[in-house]
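K.L.:
have a look at this prediction, sequence included:
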Amino acid sequence: MGFRSDHLSFYVFIFLMFFLHRWTRSVVYGFIFFIAFWVIYDSMRVYPNYLVNDVRVIEPYLIELNLFGIFEGTKEITPNEYLKLHSNSFLDIISGIFYLTWVPIPIGLGIYLFFKDKPMMLRFSAAYLFANLLGFCIYYLYPAAPPWYFEKYGDVEKFNIPGDPAQLVRFDSLIGYPLFTEMYSKNSNVFAAIPSLHSAYPVISWYYARKKGLKIGSVIIFIDIIGIWFAAVYSYHHYFIDVLLGLGCAIGALLIFEGWLYKTQFSRYLNRYVKYADS
């Protein structure tokens with residue numbers, strides 16, 4: 001799969017945090033589920049999902065057109081295509097900013113809970129990882145091309161390709177730096193449009209912010225949910241059906257995790273782990 005500079009930076013950081021001090025080691029233990037997420041996600045490039053099942057390229061587009069088609073004159077188009085026709089610099093900036101928050105929002109909530117309520121932090125991060133694992137399974141069961149792929153390549157099978165910033169390249173142009181271009185060049189799974197986990201992450205964060213009673217935090221995260229959902233469609237990275245399925249993935253993961261998994265021996269393991277992490 002190749003060894004990149006970000007891999008080296010990640011491993012050096014974890015190594016230093018683990019051995020630098022007892023407290024920094026507790027940080028590594030506390031964020032273990034986020035670390036596991038990054039490793040598992042990046043490892044999907046070892047055996048891509050397009051080698052497991054056929055990639056759906058046209059099917060998601062036709063479903064989107066049938067369910068959410070918008071008439072522009074006499075032609076029916078998808079919400080992606082409609083927003084592209086009516087794009088502007090303000091929406092480019094707003095969508096880019098919101099689409100960057102899929103990492104800072106969960107990590108920020110995790111940092112807050114790490115200092116205020118470590119058991120809740122581990123519960124939140126474990127649910128976050130579980131939602132990702134559920135989404136990853138769907139990626140392999142139903143590999144789906146994002147809207148930008150269909151627009152760029154049509155139904156041509158061109159699967160061993162890097163990611164593409166799509167409409168987010170407009171954000172890069174406005175800030176004068178290839179932020180999303182560089183980010184998506186390292187994407188480990190191009191055909192992971194369904195479900196939109198970008199749309200699921202803030203929902204998981206919102207649930208645990210509410211559970212913790214963070215009123216202002218809940219409002220901020222709720223606004224972020226709307227912003228990321230809009231940005232997912234505006235940026236040409238997801239259809240609206242992907243967003244809805246991302247919401248479904250988040251709800252399903254929470255129902256399974258909170259309704260069943262956490263009520264098993266797993267909760268006792270987590271509580272024991274908190275003591276271990278603090279030791």
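P.N.:
It's in.
K.L.:
quick one: the helices in the stretch 1-150 of the chain?
P.N.:
Along the stretch 1-150 of the chain, counting by DSSP state H, counting those that start in this stretch, helices occupy 5-20, 22-30, 32-43, 58-68, 79-85, 89-99, 104-116, 118-141, 147-153.
K.L.:
export the ones you listed to a markdown table and tack on mean neighbour count?
P.N.:
The way it works is simple: take the backbone N, C-alpha and C, and place the C-beta from them, glycine included. Converted to a markdown table, these look like this (neighbours: other CB atoms under 10 Å):
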| stretch | mean neighbour count |
| --- | --- |
| helix 5-20 | 12 |
| helix 22-30 | 15 |
| helix 32-43 | 16 |
| helix 58-68 | 16 |
| helix 79-85 | 19 |
| helix 89-99 | 18 |
| helix 104-116 | 17 |
| helix 118-141 | 20 |
| helix 147-153 | 20 |
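K.L.:
for Tyr207, find the nearest of the ones you listed.
P.N.:
Tyr207 sits nearest to helix 118-141 of all the helices of the stretch 1-150 of the chain, at 8.0 Å, using CB to CB.
K.L.:
with just CA atoms, put that closest one into PDB.
P.N.:
Taking C-alpha atoms only, helix 118-141 is exported to PDB below (Å, rounded to 0.1, in the frame of the first residue of the first chain):
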ATOM      1  CA  LYS A 118     -13.400  10.000  30.600                       C
ATOM      2  CA  PRO A 119     -16.000   7.100  30.700                       C
ATOM      3  CA  MET A 120     -18.300   9.100  28.500                       C
ATOM      4  CA  MET A 121     -15.400  10.000  26.200                       C
ATOM      5  CA  LEU A 122     -14.600   6.300  25.700                       C
ATOM      6  CA  ARG A 123     -18.300   5.500  25.200                       C
ATOM      7  CA  PHE A 124     -18.500   8.200  22.600                       C
ATOM      8  CA  SER A 125     -15.400   7.200  20.700                       C
ATOM      9  CA  ALA A 126     -16.300   3.500  20.800                       C
ATOM     10  CA  ALA A 127     -19.700   4.400  19.300                       C
ATOM     11  CA  TYR A 128     -17.900   6.600  16.700                       C
ATOM     12  CA  LEU A 129     -15.700   3.600  15.800                       C
ATOM     13  CA  PHE A 130     -18.600   1.300  15.600                       C
ATOM     14  CA  ALA A 131     -20.500   3.600  13.200                       C
ATOM     15  CA  ASN A 132     -17.400   3.600  11.000                       C
ATOM     16  CA  LEU A 133     -17.100  -0.200  11.000                       C
ATOM     17  CA  LEU A 134     -20.800  -0.400  10.000                       C
ATOM     18  CA  GLY A 135     -20.200   2.100   7.200                       C
ATOM     19  CA  PHE A 136     -17.100   0.300   6.000                       C
ATOM     20  CA  CYS A 137     -19.000  -3.000   5.800                       C
ATOM     21  CA  ILE A 138     -21.500  -1.200   3.500                       C
ATOM     22  CA  TYR A 139     -18.700   0.200   1.400                       C
ATOM     23  CA  TYR A 140     -17.600  -3.400   0.600                       C
ATOM     24  CA  LEU A 141     -21.100  -4.700   0.100                       C
END
